[in-house]
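Q: Okay, predicted coordinates and the sequence, questions at the end:
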Amino acid sequence: MTAIDLPQSLLPTLPGPHYTDPAVFAREQERIFEAGWFCAVRSADLSSPGSFETVQIGRESVLIARGRDGALRAFLNVCRHRGARLCTDEKGSVKRAFQCMYHAWTYGLDGKLVAAPNLTGMPDVDRVEYGLTRLHLREWLGYAWVCLAEDPPSFADTVLADVSARLGGPGEIEAYGIENLALGRRIEYDVRANWKQIIENFMECYHCATIHPELTEVLPEFADGYAAQYYVGHGAEFGSDVTGFTVDGGDGLPRLPGVGEHQDRRYYAITIRPQVFVNLVPDHVIVHRMFPLAPDRTLVRCDWLYLPEVVASGADLDRSVELFHRVNQQDFEACERCQQAMGSRAYAKGGVLVPSEHHIGEFHDWVRSKAGES
Ligand code: FES
Ligand code: FE
């Protein structure tokens, strides 16, 4: 797969097979999603001891559970006896342990093997050695980030660096107090497109004028197609007659207390590679987590987060949620439309990026270097 030769001012996209080839997808699963920090679950979703969630990270099913000590832990979701899938539910709660349905090996919330039929007859089975395989986990922004690598990359040099590169410094995102916000709405999108389509589309603004009528009303500069993500520290300014980040540009909800004057009436979009988008507006934060399931299928979980008192008050969030829900639908429909053509001969050598979008070219370079391609 080689890129097409283009005049210097034009940048090639990745060739079509990068979006369809199972071998490319498998390499990305191994070298990108299983190698770095992956934003897996929202911490507050697992609020009580014994609550758990299973998520797909790369080729592995991962079980994340809250222990009796209040800590979140992540494990490979595989019984250490004969390798049965331990937990088949997407989420739920257990009293004090996970029991395998096959031969009833039982694991504590800390992953330790706590019971097994006739285990006394197997003195060599060490309860820690044959406990669940533990993974690295750390919490940030109210989410649990998991790394499957034995020796994880520095969180600061990867996740935090992506945020700083976009916002100009880590303090900028802290102002929104994301870890203290409450979930106002969650919508899941089962997108029939490769995960890279979704990232490239999010980084792009060239399409805004064509497919996002509501968004460009609220953020008029997006109608010009300039990719705000390219400019460090630049937030797209609300239109002069817009009073809130809502579907009709009308009033939003109470402003987050830490948001500074320079952040007011502005929208910031951040891509945290490989699978998170954070959208900051004065009264709420929208977090997208992507779960790549197949070369042509990605599950997107999108959370709308507000001040806890706003959610508790039962305030009407519909006009607030509706704006980005429409943006999501418009974007994912476009991604699916591209995905359908990725196998065409016409795209075998890829397409072209407009010059202002060389940051998408940088994303392609990052993917290729991570996946071990020249
Ligand atoms: Fe799980 Fe045997 S495979 S107890
Ligand atoms: Fe878009």
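A: Received, thanks. Numbering: from 1, shown residues only. Ligands and ions are numbered 1, 2, ... in the order given.

Q: Residues of the protein that sit close to ligand 1?
A: Neighbours of ligand 1 within the chain, by Cβ under 6 Å from any ligand atom: Cys79, His81, Arg82, Ala84, Cys100, Tyr102, His103, Ala104, Trp105. C-beta: built from backbone N, CA, C; applies to glycine.

Q: ok, the fourth one touching Gln99?
A: By that I understand Ala84. No - Ala84 is not in contact with Gln99 according to Cβ atoms under 8 Å; the separation is 11.0 Å.

Q: which ones are touching the spatially closest residue to Arg27 that is not a sequence neighbour?
A: Once flanking residues are discounted, Arg27 sits nearest to Ala371: 4.9 Å by Cβ to Cβ, 6 or more residues apart in numbering. By Cβ atoms under 8 Å, 6 or more residues apart in numbering, Ala371 lies in contact with Val24, Arg27, Glu28, Arg31, Ile32.

Q: With Thr246 instead?
A: Thr246 makes contact with Val218, Gly252, Arg319, Ser320, Glu322, Leu323, according to Cβ under 8 Å, 6+ apart.

Q: what's the answer for Ser61, then?
A: Applying Cβ under 8 Å, 6+ apart to Ser61 gives the contacts Thr54, Val55, Leu76, Asn77, Val78, Arg85.

Q: hmm, 7 Å instead?
A: When contacts are counted by Cβ atoms under 7 Å, 6 or more residues apart in numbering, Ser61 is found next to Thr54, Asn77, Arg85.

Q: quick one: which of these is nearest to ligand 1?
A: Taking Cβ to the nearest ligand atom as the measure, Arg85 is the one of the contacts of Ser61 closest to ligand 1, at 9.0 Å.

Q: if I read this right, the closest one contacts Asn77, doesn't it?
A: Yes - contact criterion Cβ atoms under 7 Å: Arg85 and Asn77 qualify, at 6.1 Å.

Q: what about those two, which has more around it?
A: Asn77 (22 against 14; other Cβ atoms under 10 Å).

Q: about what we covered before: now the contacts of Ala371 in JSON lines, with neighbour count, pLDDT and secondary structure?
A: Shown next, in JSON lines, are the contacts of Ala371 (neighbours: other Cβ atoms under 10 Å; pLDDT from 0 to 100; DSSP: H, G, I helix; E, B strand; the rest coil):
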{"residue": "Val24", "neighbour count": "21", "pLDDT": "97", "secondary structure": "helix"}
{"residue": "Arg27", "neighbour count": "15", "pLDDT": "97", "secondary structure": "helix"}
{"residue": "Glu28", "neighbour count": "23", "pLDDT": "98", "secondary structure": "helix"}
{"residue": "Arg31", "neighbour count": "17", "pLDDT": "98", "secondary structure": "helix"}
{"residue": "Ile32", "neighbour count": "20", "pLDDT": "98", "secondary structure": "helix"}
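
Q: hmm, back to that, check the contacts of Thr246 for burial and list the buried ones.
A: Using 16 or more other Cβ atoms under 10 Å as the burial test, those include Val218, Gly252, Arg319, Ser320, Leu323 as buried.

Q: pretty sure the last one belongs to a helix, no?
A: This points to Leu323. Yes - with DSSP: H, G, I helix; E, B strand; the rest coil as the criterion, Leu323 is assigned to a helix.

Q: ok, the nearest residue to it once chain neighbours are set aside - how many residues close by?
A: Excluding its sequence neighbours, the residue lying closest to Leu323 (Cβ to Cβ, 6+ apart) is Val247, at 4.4 Å. By other Cβ under 10 Å, 20 other residues sit near Val247.

Q: pretty sure Val247 belongs to a strand, no?
A: No - applying three-state DSSP, one finds Val247 to be coil, outside a strand.

Q: these two touch, right, it and Glu214?
A: Yes - between Val247 and Glu214 there is a contact under Cβ under 7 Å: 5.5 Å.

Q: mind giving me the domain split of this protein?
A: With automatic domain parsing as the criterion, the domains of the chain are listed as 6-33+156-371, 39-147.

Q: so can I have TSV of the contacts of Thr246 showing pLDDT?
A: TSV is the format used below for the contacts of Thr246 (pLDDT from 0 to 100):
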residue	pLDDT
Val218	97
Gly252	96
Arg319	98
Ser320	98
Glu322	98
Leu323	98
